[in-house]
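Q: attaching a predicted model along with its sequence, questions to come.
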Amino acid sequence: MTRPAPTPFVPFISGTGRTLQNLVRSIESGALNARVCQVVASRECPGIEWARAQGLPAVVRQGVIPRDDLAQLMADSGAKWGVLAGYTRLLDLPDLWQSRFVNIHPALLPSFGGAGWYGDRVHRGVLEAGCKVSGCTVHLCDSTYDTGPILAQRCCPVLDDDTPETLARRVFELECELYPEVLVRLFSGRVSIEAGRARIIPA
């Protein structure tokens, strides 16, 4: 059977680019049948430097990207999906791109999500709340922070001696596993949305 053409997508980043690197490794290993069209960063950062070093098309768009500009950027890139990979800006999604953007968040939404909840702030909040489990959430995006339909979650224990840094490392290991797995299903059309809830369709 002929393998389908790789799904073109645009990763959006704001920091180190670790999630982008994980997705590129998944593509190179053959686990994720996809292609990076262009990398968009909210600022100059290590992630955009890494993308350029790999020869990936890359652009910096500071501030909030106007809706029409975002639509044009996606159309010009030839992408079918937008994939947030540590992107901290809020996107005002054009109508044609509703439910065509996906994000991973380093906590179990709806807890510890929303404006300002990113990076170590999330893990510090989990520890201060005394939670016994944490994890990550992959969800479709809407035009607010961390509120789109949840696609999948994965959990890990919160240990008594955890710090924000140790918990962050454990959660990121889960992210590296879960995000490519969900993108495989999403890009192959194995997701349905019913009454605002997402369902993964078995292969």
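A: In hand now; what should we look at?

Q: could you chop this structure up by domain?
A: When the chain is parsed with automatic domain parsing, its domains come out as 1-97, 104-137+144-203.

Q: for whichever helix in the chain runs longest, buried residues please.
A: When the chain is parsed with DSSP state H, its longest helix is helix 164-187. Using 16 or more other C-beta atoms under 10 Å as the test for burial, helix 164-187 gives 164, 167-168, 170-172, 174-176, 178-187. Glycine gets a C-beta too; all of them are placed from N, C-alpha and C.

Q: same thing with stretch 141-158?
A: 141-142, 145-146, 148-154, 158.

Q: now, the most widely separated pair of the residues you listed?
A: Asp142 and Val158 (28.6 Å; C-beta to C-beta).

Q: tell me the contacts of Gly47?
A: Listed by C-beta atoms under 8 Å, 6 or more residues apart in numbering, the contact partners of Gly47 are 13-18, 20, 39, 41, 85-86.

Q: ok so, going back, can you list the buried residues of stretch 141-158 in CSV and add secondary structure and pLDDT?
A: What follows is the buried residues of stretch 141-158, written out as CSV (DSSP: H, G, I helix; E, B strand; the rest coil; pLDDT from 0 to 100):
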residue, secondary structure, pLDDT
Cys141, coil, 94
Asp142, coil, 89
Tyr145, coil, 93
Asp146, coil, 94
Gly148, coil, 92
Pro149, coil, 95
Ile150, strand, 96
Leu151, strand, 95
Ala152, strand, 95
Gln153, strand, 97
Arg154, strand, 97
Val158, coil, 98
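
Q: would you reformat these as JSON lines and include distance to His105?
A: Formatted as JSON lines, the buried residues of stretch 141-158 follow (distance: C-beta to C-beta, whole Å):
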{"residue": "Cys141", "distance to His105": "10"}
{"residue": "Asp142", "distance to His105": "13"}
{"residue": "Tyr145", "distance to His105": "9"}
{"residue": "Asp146", "distance to His105": "5"}
{"residue": "Gly148", "distance to His105": "10"}
{"residue": "Pro149", "distance to His105": "13"}
{"residue": "Ile150", "distance to His105": "10"}
{"residue": "Leu151", "distance to His105": "11"}
{"residue": "Ala152", "distance to His105": "12"}
{"residue": "Gln153", "distance to His105": "10"}
{"residue": "Arg154", "distance to His105": "12"}
{"residue": "Val158", "distance to His105": "16"}
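
Q: which of the residues you listed lies closest to Gly196?
A: Pro149 (5.9 Å).

Q: all strands of this structure, in order?
A: 7-13, 34-36, 39-41, 58-60, 81-84, 101-105, 133-140, 150-157, 191-194, 197-200 (DSSP state E).

Q: from Thr7, how far off is Ala75?
A: Per C-beta to C-beta, to the nearest Å, Ala75 is found 16 Å from Thr7.

Q: so which of those two has more stuff around it?
A: Each of Ala75 and Thr7 has its neighbours counted (other C-beta atoms under 10 Å); Thr7 has more, 19 against 12.

Q: what's opposite that one in the beta bridge?
A: On the basis of DSSP bridges, Thr7 is bridged to Ala34.
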